[in-house]
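Participant: 3D model of this:
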Amino acid sequence: MFLTIIIRLITTLTSSVYNIFIFRKSKPTVYIIDPDQAQIILKSTDYTRHKPNHWLIHTLSIVNPFTIPSTSLLNDFKNEVKNTLAHWINDKHYVNLIGTVRNCVEYRRASASQICLSKFVKQVTLDSFLSGILNIRVDEQFLIEIPDLIIYLWKHRDDQEAHHRLQTLISSQSDTFSQSKFWKQIQTILSNHSNTISTIATNEFDEKIHNSLNIIVPGWETMWRVVFYSLLELLRHRELLDELRIQLNNPSVSYKNCQLLERIIKEILRLYPPTKNIYRYNEKTNENFCIQVQAIHRNEKIWGANALEFYPDRFKQKLTDKQKDAYLPFSISCPARHGFAYAFAGAIIAEILKQYPNLIVSNNSSTVLTDTLLDMSRDSYKELLVEIHSQ
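Facilitator: Next up is the predicted model:
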């Protein structure tokens, strides 16, 4: 009898705990399309990054503020990155950065009459970031393989063969990355927060701390897409491309002071935001929130009847307060959002256009550009060929 009572009690408690867990787990996600609500959530300390980013720990072994919900880690990481990027948008150092980008483009100048634009942009952007910002030179094979492996694993997260190849390439360049002062400083920050990181990323902890993808992904992944989509839209708007070329060929105007180039990049970030959704979790209320950045960026009530059109001149006028709150390509805390992102992407776009003055979509390309909105999948237009006639 006593045993029966105990069994019933355990069963009841187990059922209660299960029901509570299921109830908490199944609480529906709240979708945010109002900029004011989005700003409140992003500015509040009650909300942390949600689990969708956790796959980056297991697949790419990334343990930076993108995956670790720690305010102190985020602040230390941001301050270091902010100081480094501020250095590069200084006029004197920006000239040096442009020189590095120019060399990276020249190095890949094709002898053939056409190139795969996606591969070219990914490699040039990665090389420019590593050579310019980290001040290191990696093996060419690293630059060729790493971009496609990262993008492939973004979709095929359980492919162990691809994962092994990625880790092999990363390990092969560990000595080279150790020569970067900036990377050493980032590693120190990660090590200083080892207690927090180790509670989330328990397996192969040291390997994750020293994983150079902690800086490669945030420094490269968004930038190459901004450059790529800017070139795609310019290929579809030849008059705008011609106008931009004229301004870029003006020796008295720096790339970062070219207003048309900046407007183009801003419009690309509005129409094709690098992050479609931002996920947050409120532990107090056990609610999941999804800030729908793409929907906010394309809302006609905020951006006008032409919200779904590529129209850089919308940034010619001062944005309304509503539009300022609604413009979230880098959320509200990314160190690159104030100037560096536009200056760096602008330098790459400008150098590609200057060294390839007659860039057009090849008639041999199996992929074509239509008049509709561009597809934002990471592997979209990967077969697009462009004809080049370098100077």
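Participant: Grab the nearest non-local neighbour of residue 141.
Facilitator: residue 169 (7.5 Å; Cβ to Cβ, 6 or more residues apart in numbering). C-betas here are computed from N, CA, C, even on glycine.
Participant: so that neighbour is in which element?
Facilitator: Residue 169 is part of helix 160-172, with elements assigned from DSSP states H and E.
Participant: Compute the mean per-residue pLDDT across that helix, please.
Facilitator: Across helix 160-172, the average pLDDT comes to 95.
Participant: Stretch 317-324 too?
Facilitator: Rounded mean pLDDT across stretch 317-324 is 94.
Participant: neighbouring contacts of whatever helix or strand comes next after the helix holding residue 169?
Facilitator: Per DSSP H and E, the first helix or strand lying C-terminal to helix 160-172 is helix 174-177. By Cβ atoms under 8 Å, 6 or more residues apart in numbering, the residues outside helix 174-177 that reach it are 134, 136-139, 183, 210, 212.
Participant: List the residues that contact residue 211.
Facilitator: So residue 211 contacts 60-63, 170 (Cβ under 8 Å, 6+ apart).
Participant: need these in TSV with distance to residue 287 and secondary structure, can you?
Facilitator: Compiled in TSV, these are given as follows (distance: Cβ to Cβ, whole Å; DSSP: H, G, I helix; E, B strand; the rest coil):
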residue	distance to residue 287	secondary structure
60	28	helix
61	30	coil
62	26	coil
63	26	coil
170	37	helix
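Participant: now, which of those residues sits nearest residue 343?
Facilitator: Proximity of these to residue 343 (Cβ to Cβ) peaks at residue 62, which lies at 25.3 Å.
Participant: these two touch, right, the closest one and residue 210?
Facilitator: No. Using Cβ atoms under 8 Å, residue 62 makes no contact with residue 210, being 12.0 Å away.
Participant: Show me which of the two is the more surrounded one.
Facilitator: More crowded of residue 62 and residue 210, by other Cβ atoms under 10 Å: residue 62, with 23 against 18.
Participant: where does that one land on pLDDT?
Facilitator: 91.
Participant: any idea what sits nearest it, other than its immediate chain neighbours?
Facilitator: Here the residue nearest residue 62, using Cβ to Cβ, 6+ apart, is residue 56, at 4.3 Å.
Participant: on that earlier part again, the helix holding residue 169 - contacts with which helices or strands?
Facilitator: If you count contacts as 3 or more Cβ pairs under 8 Å, 6 or more residues apart in numbering; DSSP states H and E, helix 160-172 packs onto helix 140-155.
Participant: For the helix it packs on, which helices and strands make contact with it?
Facilitator: helix 55-60, helix 117-128, helix 160-172, helix 213-216.
Participant: who's in contact with the shortest one?
Facilitator: With contact meaning Cβ under 8 Å, 6+ apart, helix 213-216 is reached by 60-64, 126, 129-130, 134, 146, 150, 170, 182-183, 186, 190, 208.
Participant: Can you identify the element that follows that helix toward the C-terminus?
Facilitator: Assigned by DSSP H and E, the successor of helix 213-216 is helix 222-236.
Participant: tell me, how many neighbours does residue 254 end up with?
Facilitator: 16.
Participant: That one is in contact with residue 92, isn't it?
Facilitator: No. In this structure, residue 254 is not within contact of residue 92 by Cβ under 8 Å, at 11.4 Å.
Participant: Quick check on the contacts of helix 174-177: which are buried?
Facilitator: 134, 136, 138, 183, 210, 212 (16 or more other Cβ atoms under 10 Å).
Participant: Let me know whether the last one touches residue 169 as I believe.
Facilitator: No. When contacts are counted by Cβ under 8 Å, residue 212 is not listed as touching residue 169 (9.9 Å).
Participant: ok, back up a step: and the helix holding residue 169 with helix 140-155, angle?
Facilitator: 140 degrees (axes from the mean of the first three to the mean of the last three Cα atoms, to 10 degrees).
Participant: Can you give the distance of helix 160-172 from its chain's centre?
Facilitator: 21 Å (Cα atoms, centre = their mean, to the nearest Å).
Participant: Just the buried positions in it, please.
Facilitator: In helix 160-172, counting by 16+ other Cβ under 10 Å, buried: 162-163, 165-167, 169-170.
Participant: try stretch 369-382
Facilitator: Buried, per 16+ other Cβ under 10 Å, within stretch 369-382: 374, 380-381.
Participant: Which one of the residues you listed is nearest to residue 38?
Facilitator: Using Cβ to Cβ, the buried residues of stretch 369-382 come closest to residue 38 at residue 374, 23.8 Å.
Participant: Surely that closest one touches residue 367?
Facilitator: No. Here residue 374 does not reach residue 367: they are 11.4 Å apart, not a contact under Cβ under 8 Å.
Participant: Good, we can wrap up now.
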